[in-house]
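> Following is a predicted model, sequence given first.
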Amino acid sequence: PVTIHRGDYRPPEWQVPDVALDFALGIEETRVSAALSVQRTTDGPAPLLLRGDGLTPAAVRVDGEVWNDWRMDGSDLIVDLGERTAAVVEIDTVVNPAANTQLMGLYASNDMLCTQCEAEGFRRITFHPDRPDVLSRYRVRMAGDKTRFPILLSNGNCIDRGEGDGGTHWALWEDPWPKPSYLFALVAGDLVANRDSFTTMSGRTVELGIWVRAGDEDRTGHAMQALKNSMRWDEEVYGREYDLDLFNIVAVGDFNMGAMENKGLNIFNTRYILADPDTATDMDYDGVEGVVAHEYFHNWSGNRVTCRDWFQLSLKEGFTVYRDQCFSADMGSAAVKRIEDVRLLRAAQFPEDAGPLAHPIRPDSFQEISNFYTATVYNKGAEIIRMMATMVGPERFRKGTDLYFERHDGEAATCEDFVRAIEDGAGIDLQQFRRWYEQAGTPRLKLSLVEEAGQWSLDIVQTVPPTPGQPEKQPMMMPLRLAAFAMDGSGAHLADTLVTISGATQRIALGRFAVRPALSVNRGFSAPVIVDFARAPGELAWLAAHDDDPFARYEALQQLMLDTLVAAVSGKDRDPQTVIDAVAQTLSGRAADPAFVAEAVLLPSEAFIGDQMLTVDPDAIRRERLALQAAIGAALESEWRAILDGAAPPATDLSRGAKGGRRLRGVALAYLAATGMDDAAALAFRVFSQADGMTERQAALATLAHGDSDERAHALDIFYQRYRDNPLVLDKWFQVQAWSVRPDTVDAVRALAQHPDFTLTNPNRVRALYGALTGNQAAFHQADGAGYRLIADLVIALDPKNPQTAARMIPPLGRWKRFDERRQALMKAELERILAQPGLSRDTTEQASKSLL
Ligand code: HT7
Ligand code: ZN
């Protein structure tokens, strides 16, 4: 496989100011005629390199004449244009959307045609430079059968439409904004719209449409509201106005990722559009809001200012994730949103940063760019933007982003351009901070408190671990928010303070305290680091109860739980009473903020407990976590029952309080069920049966799925019969079974893969079943290696159909170094078995081979 290096970037030798596309649409055969107006940017006679993937040129014309001066270079087309400095190159191609199981390029999903071009899918439709620094104005004509494709959509505005021969019709779309090919989109199908409009800050009316299959339109209200809220928020917070008269979203059932920000025509996984109380959980609702916002925000951070090359992916993704995080925080509870974001970072990005696939947010090389749509590029990328915002404060950060948009509007920019705009606009020196773009690995801060004559200080030692290809690291610059409190009731404290860390060692004065103060550190998770700081259980419990920063209260309780669990797993006796008391204390504040309390009292995940250990022992972790859950469940039984005895908020009430109340009820049910009490299954079944919406129903079903009661089988059957025709809800049915703590879960997953409703052709279904299994630590790491085998079998079966989705299943197998020797051998054997398959895709080859290093 060829490795592409960031340092090898060269500007394009040909620009393509205009692209005209003509589609004769058919599910099994679509004919594409492309006319590229090309202009040479260099002096030398460079031939025109047009990328292709699986295409054969049916005809090539230059300035209207048949042209024979072309050749294929692998799957690419090289056209020799001699001395010409400009030309119109026309190429005809034919594609088969029905056979496109990769879901990249033009493909069929449920009888409709749609496209996915990021990152390199456009070259599967027609020959083109297909690189993000080649920006063109697009004019798209499409024609097709009127009954099969009554709706014809593309980017920009529809400027003409008409009837054709033999029951066909056509539409002509024009997008006035130059864009890279990865933002091209086309949709044709039998769709209905939820229509609305939005008046922009300058008074323009924008027509909005969310297009779905007939019958689904009643489930698009939340997405529409999220879209309008996003449009207003981007005006108010970033001064960014929408720039077309039309904004369309289409929902498709088969989609490799969450959604795609094509200019004026976003295409979404149905999962992030469709929601009603009967079929979607509160978490699903939040997912819809966040993803709608994310794609909308890309209109500026990604589309108006795009990326020069794919190494700069975090320029648009990190910044846009940061923007959608802030939006969701403003729409709901900022504290809870921060907790969720940090939990995701620790669950998905920290392990990536600690494993064989670690890479900086701006990678130095890749074989297949699809493998770099990672938690590092997205979520660590967002943390790095957040740190800049924290260091300069909101007003100066806005000056920086204003300057960035002003300087680079209409351009393909780099991460360096962004950092320079923040430096110049906000007035800060980010020279050392740039290391975050270069160095992989999660920094560790080792903290100790020192005292001299009643004056207390904090000593910090920073290390950044070695990662593949980066044995030596330099210290990073980061903002650290901290506070300190006297626990003796004297009231002495150091109020919230922001310090900038930059050295390998640093001392920070905390002030005068009579006794050792309780330190609240990395408040709000101001820096994406691991903090090593030994603290007594009593100190953590005090902070969990008294810290004035909600995130820090959450962290203190989590740390207390984590310390207790790690001690137990390591065979050390640790009385759970401090944890039980701290949970009880936190629960007492539930009336004021049930959502926060529900998050705070959740035990750390099995995977996160494993991340604290030298060698992960999945079975001991499962055992001790269940034991602590049962102990807390039993000790606070009356509290949990009181929560469940209260009336459930109506499922149609999506207020913060109602969502928090439902979340807490789900947590209470899980704690009670963990005790194994006689009536646990009956109680969960009652909640399941009486639930008036999916949040309670799914929580109760997931709780039942952990056990082996008759109620479990009964509830699963009721759920299946009720929702068998709703793919998104059926995903949940597969998922809760793969999440189960039952000892036979791997066997159950193997059996479910043979279920008539399981299919490898739908990425949501694959993720629901197998993705849930890899997230179920004790099951995936079952000692006999059956979990590893099942995932490797999946990768081998899926790779020929959908290499992107197959490759995404590999990283859990790559974490072998964290496990005992026997498991290591089993995991490596499966990676080797995958690699031995003939004809393996570039995606899977890169992930599997790097995972073995
Ligand atoms: N920018 C979008 C990326 C994306 C994608 C990438 C590879 C393959 C399929 C894909 N679908 C969407 C999504 C986003 O971050 O907004
Ligand atoms: Zn994005």
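Alright, I've got the coordinates. Ligands and ions are numbered 1, 2, ... in the order given.
> Give me the contact list for the helix or strand where Ala630 lies.
When elements are defined using DSSP states H and E, Ala630 is found to belong to helix 618-635. Outside helix 618-635, the residues within contact range by Cβ atoms under 8 Å, 6 or more residues apart in numbering are 561, 564-565, 568-569, 576, 579-580, 583-584, 603, 606, 609-610, 640, 670-677, 741, 777-778, 781, 783, 819. Glycine gets a C-beta too; all of them are placed from N, C-alpha and C.
> average pLDDT across it?
The average of the pLDDT scores along helix 618-635 is 98.
> Ok, stretch 673-691 next?
The average of the pLDDT scores along stretch 673-691 is 97.
> Check which residues of it are buried.
By neighbour count, with 16 or more other Cβ atoms under 10 Å as the criterion, the buried positions of stretch 673-691 are Ala673, Ala674, Thr675, Met677, Ala680, Ala681, Leu683, Ala684, Phe685, Val687, Phe688, Ala691.
> can you put the residues you listed in CSV and add distance to ligand 2 and secondary structure?
Listed next are these as CSV, based on distance: Cβ to the ion, whole Å; DSSP: H, G, I helix; E, B strand; the rest coil:
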residue, distance to ligand 2, secondary structure
Ala673, 38, helix
Ala674, 38, helix
Thr675, 43, coil
Met677, 45, coil
Ala680, 42, helix
Ala681, 42, helix
Leu683, 42, helix
Ala684, 38, helix
Phe685, 41, helix
Val687, 37, helix
Phe688, 36, helix
Ala691, 34, coil
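> quick check, nearest of the residues you listed to Glu207?
Ala691 (37.8 Å; Cβ to Cβ).
> Now for the closest residue to Phe255 other than its chain neighbours: which residues touch it?
Across the structure, with Cβ to Cβ, 6 or more residues apart in numbering as the measure, the residue nearest Phe255 apart from its sequence neighbours is Asn269 (4.0 Å). Taking Cβ under 8 Å, 6+ apart as the contact definition, Asn269 lies against Ala251, Val252, Gly253, Phe255, Met257, Gly258, Ala259, Asn764.
> just checking, the fourth one touches Ile267?
It refers to Phe255. Yes - in this structure, Phe255 sits in contact with Ile267. The criterion is Cβ atoms under 8 Å, and the distance is 7.4 Å.
> where do the contact lists of those two overlap?
Each of Gln116 lies in contact with both Phe255 and Ile267 under the rule Cβ under 8 Å, 6+ apart.
> out of the contacts of helix 618-635, which are buried?
Applying 16+ other Cβ under 10 Å to the contacts of helix 618-635, the neighbour count classes 561, 564-565, 568-569, 576, 579-580, 583, 603, 606, 609-610, 640, 670-675, 677, 741, 777-778, 781, 819 as buried.
> okay, now the closest residue to ligand 1 within the stretch 701-850 of the chain: neighbour count?
Of all residues in the stretch 701-850 of the chain, the one sitting closest to ligand 1 is Gln804 (5.7 Å; Cβ to the nearest ligand atom). Number of residues near Gln804 (other Cβ atoms under 10 Å) recorded here: 22.
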